[in-house]
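>>> Dropping a prediction and its sequence here:
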Amino acid sequence: MAELKLGLIGLDTSHCKVFSKILNDSNDPNHISGGRIIAAFPGGSPDFKASATRVEGYTIELRDGLGVHIAESPEEVASSCDAILITSVDGRVHPEQFAKIAPFGKPVFIDKPFAVSLKEAQTIAHTAEQFGVRWMSGSVRRYADALNASLNRDDSSNITGADCYGPIEFTPTQPGYYWYGIHLVDVLYRVLGTGCRSVTAFSGKGHETVTAVWHDGRIGTLRGNLHNGTHGTWIHRDKASEYVDTAADGLRKYANLMQDILHMFRTGEPRINPQETLEIIRFIEAVNESRVSGKAVAL
């Protein structure tokens, strides 16, 4: 099978380096064959410190260390590649970047956060439909080895709920849970699937919590810790509860995600349903609304 020529848009996150090493460095312990990053557009958001302070360093690393051509525009990347990964750390720029490459009709992976409002997420989805672009988006946290093992081993139909915890951080440019909270939300949806009815958010001392109720009565909770960097999930089934360590596998979860990205690039079939991604964005929007109102918010 021919090696796919892949391009990156946005070199302001560690993800662009990790993905490139997994694909381009045959000595990397998580190396995957079948695709190679050949071109990248740096991008960057001057008003977002997490972007502006990193874009130059990652650009140099990919160019000098991994042989990636640095392009002058997103369109140059799209024209030279078979598929594209939008890895810009700033979710605000994703709609504009996607609009520039969508006319090329090539499959696209969009890193988290897919967008920072439901309206912008729907705009991306509409643009994709207009140009026949297949796309996928998701957090790497849903690809942890232990989580995959648990959900693949047992019938998910008997799952009654889940409790997910992890670090949370807030930054003005990515409202509320769109920044770090999205990792927790993605894991919750990996376990429970779509169909959330309402969410209620609470702020505590050193943490944030969310209680989410699904239409079928299942309940999921999120605990975002402000000073505790550990990750984990409890999955509750009819007759037992299981702890899943979603942080135990290091960078292998990135390789697991990349396997699904390559599958979508080759087949056009995303293993994360786009409708699930849109519901996740609305879920986060509702959580942010609940943090302000102090009340339950319907999806």
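Thanks, I have it.

>>> and Glu242, what element?
According to DSSP states H and E, Glu242 maps onto strand 241-244.

>>> What are the contacting residues of that strand?
Ala144, Ala146, Leu147, Ser150, Gly232, Thr233, Trp234, Ile235 (C-beta atoms under 8 Å, 6 or more residues apart in numbering). For every residue, glycine as well, the C-beta is placed using N, CA and C.

>>> State whether the fifth one and Asn225 are indeed in contact, as I suppose.
What it means is Gly232. No: look at Gly232 against Asn225 with C-beta atoms under 8 Å: they stay out of range, at 10.7 Å.

>>> distance of Gly138 from Val185?
When C-beta to C-beta, to the nearest Å is applied, the distance between Gly138 and Val185 equals 11 Å.

>>> my bad, Phe109
Applying C-beta to C-beta to Phe109 and Val185 gives a distance of 18 Å.

>>> Give the residue spans of the protein that score low on pLDDT.
Applying pLDDT under 70 to the chain flags residues 154-156.

>>> how's it carved up into domains?
4-137, 141-250+282-298 (automatic domain parsing).

>>> can you redo the ones you listed as a markdown table with mean neighbour count and distance to His263?
As requested, the domains of the chain are exported to a markdown table (neighbours: other C-beta atoms under 10 Å; distance: least, C-beta to C-beta, whole Å):
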| stretch | mean neighbour count | distance to His263 |
| --- | --- | --- |
| domain 4-137 | 20 | 9 |
| domain 141-250+282-298 | 18 | 12 |
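
>>> out of those domains, which comes closest to Gln259?
With C-beta to C-beta as the criterion, Gln259 lies closest to domain 4-137 of the domains of the chain, at 6.4 Å.

>>> distance between that closest one and the chain's centre?
Its chain's C-alpha centre and that of domain 4-137 lie 12 Å apart, by C-alpha atoms, centre = their mean, to the nearest Å.

>>> Please apply the same query to stretch 137-156.
For stretch 137-156, the separation from the chain centroid amounts to 14 Å (computed by C-alpha atoms, centre = their mean).
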